[in-house]
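Student: Next one to model:
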Amino acid sequence: MQKKIMIIEDEDSIRGFLRINLLRENFIVIEAACGEEGLSKIRLENPDVVLLDVMLPGMDGFDVCAAARKEFPQMGIIMLTARGQDMDKISGLESGADDYVVKPFNPIELILRVKALLRRTGEDIKAENDKIIESGALRLDLYAQTVFKNNNEISLTPKEYLLIKLFMEKPGKAFTRDELLNIVWGYDFIGDAKIVDVNIRRLRAKIEEDSSNPTYLETVWGTGYRWRK
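Tutor: Predicted coordinates:
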């Protein structure tokens with residue numbers, strides 16, 4: 001089945017450049033030139049991945065990302081930014097983005113990131129069986145690819161789900177940041193390793209009673225993270 005890719009970008013030349021390269025890969029392409037139009041089309045079309053510019057007229061990319069992520073937790077979101085400062089990247093990730101690309105970007109790299117994200121979205125991840133994993137107040141349903149806390153479902157992004165699945169399947173194992181980056185984002189990921197820490201912080205905010213004093217997902221100083229047995 002063809003995948004839908006949404007481009008939300010106010011510059012016609014960049015939008016056209018992206019459209020040509022995505023069509024060559026046999027994707028269905030949907031376009032919007034501003035944040036409000038983009039969010040409306042996301043709700044109408046339910047795309048698989050959104051390529052979202054940060055600097056948009058009216059509603060900016062961060063606000064669009066946060067709103068879209070709240071309504072479509074399984075949708076892939078890649079932020080496009082012309083600014084390379086760390087704070088811009090982190091703001092995009094904190095608002096729910098899965099990845100970011102700094103302009104000017106190589107179209108081959110962007111297509112690889114889109115494909116890598118598609119492989120890891122909930123629709124393309126095959127459930128191994130109907131196994132349920134429980135840890136304290138948390139329950140992971142591998143078949144439905146859902147996580148519950150005190151019987152209330154937690155809304156997770158694709159990357160957050162893959163992280164908690166990895167940790168809950170191997171409690172007590174200390175994962176380095178590089179291991180998490182390779183397993184969850186893929187060996188072809190070219191971005192900043194800080195993406196791991198940002199996603200861990202977001203995940204903790206959703207599953208922990210006190211994210212500054214975690215019960216489940218603990219930091220292994222000098223190494224990375226592990227799920228407490």
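Student: List the residues that contact residue 37.
Tutor: residue 8 (CB atoms under 8 Å, 6 or more residues apart in numbering). Quick note: C-beta positions are derived from backbone N, CA and C, even for glycine.
Student: Assign the closest residue to residue 50 other than its chain neighbours to one of the three secondary structure states.
Tutor: Leaving aside its sequence neighbours, residue 50 sits nearest to residue 6 (CB to CB, 6 or more residues apart in numbering; 4.5 Å). Three-state call for residue 6 (DSSP: H, G, I helix; E, B strand; the rest coil): strand.
Student: Now name the helix or strand holding residue 110.
Tutor: Assessed by DSSP states H and E, residue 110 sits inside helix 107-120.
Student: Kindly report the same for residue 163.
Tutor: For residue 163, the element it lies in under DSSP H and E is helix 158-169.
Student: Mind telling me what element residue 19 is part of?
Tutor: Assigned by DSSP H and E, residue 19 falls in helix 12-24.
Student: Over to residue 77?
Tutor: Going by DSSP H and E, residue 77 is in strand 76-81.
Student: What is the burial count for the residue nearest to residue 50?
Tutor: Close neighbours of residue 6, defined as other CB atoms under 10 Å, add up to 24.
Student: Please name the bridge partners of it.
Tutor: On the basis of DSSP bridges, residue 6 is bridged to residue 30, residue 50.
Student: That one touches residue 51, doesn't it?
Tutor: Yes: the criterion here is CB atoms under 8 Å, and residue 6 meets it with residue 51 at 6.9 Å.
Student: Tell me where the chain is predicted with low confidence.
Tutor: By pLDDT under 70, the low-scoring segments of the chain are 83-90, 92, 120-130, 187-193.
Student: run the last query once more with 80
Tutor: Flagging of the chain using pLDDT under 80 yields the residue ranges 1, 82-94, 119-131, 143-144, 186-193.
Student: With that, I have no additional questions.
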